[in-house]
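Q: Sharing a model prediction with you, sequence too.
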Amino acid sequence: MNNKNERQHYVSQVLLKRFKTTGKSLRCYQIQTGLWKSKRIERACSARGYNQLLVGGNMNNAIEDSFSKVETNLPDTFKALEIAANHQTTNLPKEIYENICSYCTFLLGTSLLQSRELW
């Protein structure tokens with residue numbers, strides 16, 4: 001992720017894959033049109049240069065780099081949450097708790113940006 005305007009996801013591919021049916025495209029609801037559209041995981045919930053900062057013509061990938069650190073741990077985080085869902089109570093390891101908080105914060109921030117773009 002070091003090329004200007006490279007396609008970047010605002011929803012992790014790790015999460016998107018959990019909603020995909022084997023052998024079929026991901027179905028995405030298009031808010032602007034009110035229609036469902038088939039998309040490949042690589043193209044869903046992404047935009048060119050979405051997580052890049054451009055300052056004075058220079059590219060900065062600090063946001064993407066930070067998000068990548070959270071995304072790398074998502075498979076372990078989701079696995080821990082699946083285990084927790086099958087128990088009355090659970091204690092999540094600190095790393096798992098912090099990772100899910102970081103990911104949810106990122107999703108909140110990007111959803112606020114997306115909603116502003118729609119209006």
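A: Arrived safely, thanks for sending. Because the structure is a prediction, the values reported are computed rather than measured.
Q: Can you tell me what sits against the one helix or strand C28 maps to?
A: Element membership for C28 (DSSP states H and E) is strand 26-30. With CB atoms under 8 Å, 6 or more residues apart in numbering as the test, strand 26-30 has contacts from L16, F19, K20, L35, W36, K37, S38, K39, R40, I41, A44, C45. Quick note: C-beta positions are derived from backbone N, CA and C, even for glycine.
Q: Please apply the same query to stretch 45-60.
A: With CB under 8 Å, 6+ apart as the criterion, stretch 45-60 contacts 1-2, 4-11, 16, 28, 61-64, 67, 110.
Q: Helices of the protein, residue ranges please.
A: Taking DSSP state H to define them, one finds helices in the chain at 13-17, 62-72, 74-85, 94-118.
Q: Now those helices in CSV, please, with extra columns for mean neighbour count and mean pLDDT.
A: Shown next, in CSV, are these (neighbours: other CB atoms under 10 Å; pLDDT from 0 to 100):
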stretch, mean neighbour count, mean pLDDT
helix 13-17, 16, 89
helix 62-72, 15, 83
helix 74-85, 14, 93
helix 94-118, 13, 78
